[in-house]
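In: heads up, no residue letters with this:
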């Protein structure tokens with residue numbers, strides 16, 4: 001973990017076999033910074049060796065957001081070559097860190113942009129009625145590449161295309177997300193974590209080898225297509241992203257109005 005204040009909390013119940021991983025930067029809407037990238041990767045890798053943990057719930061601290069993607073203050077220098085793009089968010093998910101224990105996401109409030117790296121590597125999503133989903137990339141002159149690929153495996157094409165192309169002008173409400181299958185269970189406000197833990201307890205109670213093998217099989221069903229699409233992402237980003245200065249101008253001039261659907 002980082003030397004400063006921890007950005008990720010881990011708690012485990014040895015009796016149920018369920019661990020809860022909490023993104024813990026509520027003052028920044030659980031946006032991902034350099035410390036969180038490092039800590040999340042460390043947590044997932046540590047859980048590989050903890051046989052007392054058989055299922056994981058991933059959530060965000062506070063009431064306003066699950067995660068709002070990369071912190072705008074987290075500057076990531078990029079090489080000039082499109083063949084060497086550096087995306088730190090590729091390292092934050094459980095599958096990226098070779099963890100094949102089931103992960104259930106519990107969403108309250110906003111989940112946007114880089115949050116989809118985490119939702120895309122979770123087995124399923126539980127959300128409460130405050131949850132909203134959106135991707136602001138295009139609004140700020142950026143290509144939604146990895147996020148779009150991950151969500152295209154979760155949502156009907158037209159729905160994911162609309163969410164990505166509408167940018168910050170529109171947010172997908174929890175009810176609609178449930179209707180289209182992005183969210184598997186919709187709860188009352190404040191009850192998503194409880195419901196996700198309830199599911200995880202059931203899963204953790206099944207024989208471990210069968211559960212982890214099933215997780216691996218489910219991922220294999222989409223892994224080849226995901227890998228091929230990810231291979232195109234650096235080039236599309238290099239071609240389509242506005243210069244960082246222009247992105248910052250668009251971000252600074254953003255308007256808070258949006259449509260909820």
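Out: Right, received. Where do you want to start? Please read these numbers as outputs of a predicted model, since none were measured by experiment.
In: What residues sit buried inside stretch 68-80?
Out: Buried residues in stretch 68-80, counting neighbours by 16 or more other Cβ atoms under 10 Å, are found at 68, 69, 70, 71, 78. Heads up, the C-betas are built off the backbone N, CA and C, glycines and all.
In: Return the closest of those with respect to residue 210.
Out: Lowest distance from residue 210 to the buried residues of stretch 68-80 (Cβ to Cβ) belongs to residue 69, with 34.5 Å.
In: May I ask you to confirm that that closest one is in contact with residue 114?
Out: Yes: with contact defined as Cβ atoms under 8 Å, residue 69 reaches residue 114; the gap is 3.1 Å.
In: Find the residues that touch each one of those two.
Out: 32, 89 (Cβ atoms under 8 Å, 6 or more residues apart in numbering).
In: mind showing which ranges of the stretch 1-150 of the chain have poor pLDDT?
Out: 1-4, 75, 78, 82, 85 (pLDDT under 70).
In: got the buried residues for the longest helix along the chain?
Out: The longest helix of the chain (DSSP state H) is helix 208-240. Along helix 208-240, these residues count as buried under the neighbour rule (16+ other Cβ under 10 Å): 211, 215, 222, 226, 229, 233, 234, 236, 237, 238.
In: Can you add distance to residue 170 and give these back as a markdown table?
Out: Putting the buried residues of helix 208-240 into a markdown table (distance: Cβ to Cβ, whole Å) gives the following:
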| residue | distance to residue 170 |
| --- | --- |
| 211 | 37 |
| 215 | 33 |
| 222 | 26 |
| 226 | 25 |
| 229 | 24 |
| 233 | 23 |
| 234 | 27 |
| 236 | 22 |
| 237 | 22 |
| 238 | 27 |
